[in-house]
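S.K.: Got a predicted model here, sequence first, then my questions.
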Amino acid sequence: MTEGTVAPVPSDEPKSAATVTDVLGHLEQEGEIAADYLEALLDIADLDGDIDMDVEGDRASVSIIGEAPGADRSLLRLVGQDGEVLEALQELTRLAVHRETGERSRLMLDIAGFRARKRAELAELGAQAAKEAKESGTPVKLRAMTPFERKVVHDAVAAAGLRSESEGEEPQRRVVVLPA
Amino acid sequence: MLEEALEHLVKGIVENPDEVQVRSRELRRGRILEVRVHPEDLGKVIGRGGRTARALRTVVTALGGRSVRVDLVDVDGVR
């Protein structure tokens, strides 16, 4: 019944190397399970898309992109308003991975470059806010954001050499950029 | 296509995929897709705070439009 489940690799190798390999192998396995789940959905829904798998930092990442330039349009149904459908599909895909591996997955799904675009916009926003905080010498408060959005902004602020923190409760939690 | 898509999405996340059934019923005002799963899997397709059921509905609506409803049927051992 659990087809596709891979038996755990016995770790009698030197520990650090084995651990790194295990983690990477595990994330790659997550990507493959996710890709199978999504590919079958695309087939059923008669949507064309290529599936890319990657490991970014400590998570697996899977992207569905149009097969030809400009072919992303039909995939936008799976993104939805403000990425609503994308979030739902990511949630289901993580559950499908969990079913196979028995472990909670933090896999990131992107469709038609939605997250990549969003990430670029937010990085720009973070850089602008850092500049503003530096010049004014006062904290800059940004709008409420999702955890994913805040992470991108924090990273951009750090890259600009400043510190930032989050304040407030979800879903009203927001980033505050601190002046140097 | 819609039943098949929903069936696939549900089968991938439950422990008893062979017991997943999706039936489509045409109503005057649209369609209802009735999902039946093994009783032990019901919690799984509902999810914490209804999160998984909501995700399934969101994807089905994206594929089939707003006139489609998804019902999770509690069979509770009747089969």
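M.R.: Structure's in. What do you need?

S.K.: where along chain A do the helices fall?
M.R.: For chain A, helices defined by DSSP state H occupy the ranges A:15-45, A:84-101, A:114-136, A:147-159.

S.K.: Of those helices, which is nearest chain B?
M.R.: helix A:84-101 (3.8 Å; Cβ to the nearest Cβ). Any C-beta I mention is one placed from the backbone N, CA and C, and that applies to glycine too.

S.K.: How far away from the center of its chain is the closest one?
M.R.: Helix A:84-101 sits 12 Å away from the centroid of its parent chain (Cα atoms, centre = their mean, to the nearest Å).

S.K.: Okay, angle between that helix and helix A:147-159 too, please.
M.R.: Interaxial angle, helix A:84-101 versus helix A:147-159 (axes from the mean of the first three to the mean of the last three Cα atoms, to 10 degrees): 100 degrees.

S.K.: Now helix A:84-101: buried residues?
M.R.: Across helix A:84-101, burial judged by 16 or more other Cβ atoms under 10 Å in any protein chain shown covers A:85-101.

S.K.: picking that back up, is it possible to get a markdown table of the helices of chain A that adds mean pLDDT and distance to B:Val20?
M.R.: A markdown table is the format used below for the helices of chain A (pLDDT from 0 to 100; distance: least, Cβ to Cβ, whole Å):
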| stretch | mean pLDDT | distance to B:Val20 |
| --- | --- | --- |
| helix A:15-45 | 86 | 14 |
| helix A:84-101 | 95 | 12 |
| helix A:114-136 | 94 | 29 |
| helix A:147-159 | 93 | 31 |
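
S.K.: Out of these, which one sits most buried?
M.R.: Most buried of those by mean neighbour count (mean count of other Cβ atoms under 10 Å in any protein chain shown) is helix A:84-101; its value is a mean of 22.

S.K.: Check which helices and strands that one sits against.
M.R.: Identification of packing neighbours for helix A:84-101 by 3 or more Cβ pairs under 8 Å, 6 or more residues apart in numbering or on different chains; DSSP states H and E yields helix A:15-45, strand A:108-111, helix B:51-64.

S.K.: Of all the ones you listed, which one is nearest A:Glu56?
M.R.: strand A:108-111 (7.0 Å; Cβ to Cβ).

S.K.: What does the pLDDT read for the residue in chain B sticking out farthest from the centre?
M.R.: Distance from the centre of chain B peaks at B:Arg28, with 20.2 Å (Cα atoms, centre = their mean). B:Arg28 is assigned 83 on the pLDDT scale.

S.K.: contacting residues for it?
M.R.: Contacts for B:Arg28 (Cβ atoms under 8 Å, 6 or more residues apart in numbering or on different chains) come out as none.

S.K.: same question, the one 5 residues further on
M.R.: When the contact criterion is Cβ under 8 Å, 6+ apart, the partners of B:Leu33 are B:2-3, B:6, B:22-25, B:60, B:68-71.

S.K.: buried subset of those residues?
M.R.: B:2-3, B:6, B:22, B:60, B:68-70.

S.K.: if you look at these, which of them are in helices?
M.R.: B:2-3, B:6, B:60.

S.K.: what sits opposite the most centrally placed residue in chain A in the beta ladder?
M.R.: Computing the C-alpha centroid of chain A and ranking residues by Cα atoms, centre = their mean puts A:Met108 first, at 3.3 Å. Beta-bridge partners recorded for A:Met108 (DSSP bridges): A:Ser61.

S.K.: For the residue positioned nearest the centre of chain B, give its distance to B:Gly64.
M.R.: Nearest to the geometric centre of chain B sits B:Val35, at 3.8 Å (Cα atoms, centre = their mean). B:Val35 sits 14 Å away from B:Gly64, going by Cβ to Cβ, to the nearest Å.

S.K.: what's the answer for B:Val70, then?
M.R.: 10 Å.

S.K.: One more: A:Ala116?
M.R.: 28 Å.

S.K.: and if you look at A:Thr146?
M.R.: A:Thr146 is 27 Å from B:Gly64, by Cβ to Cβ.

S.K.: Looking at these two, which has the bigger crowd around it?
M.R.: Applying other Cβ atoms under 10 Å in any protein chain shown to A:Thr146 and B:Gly64 shows that B:Gly64 carries more neighbours, namely 20 against 14.
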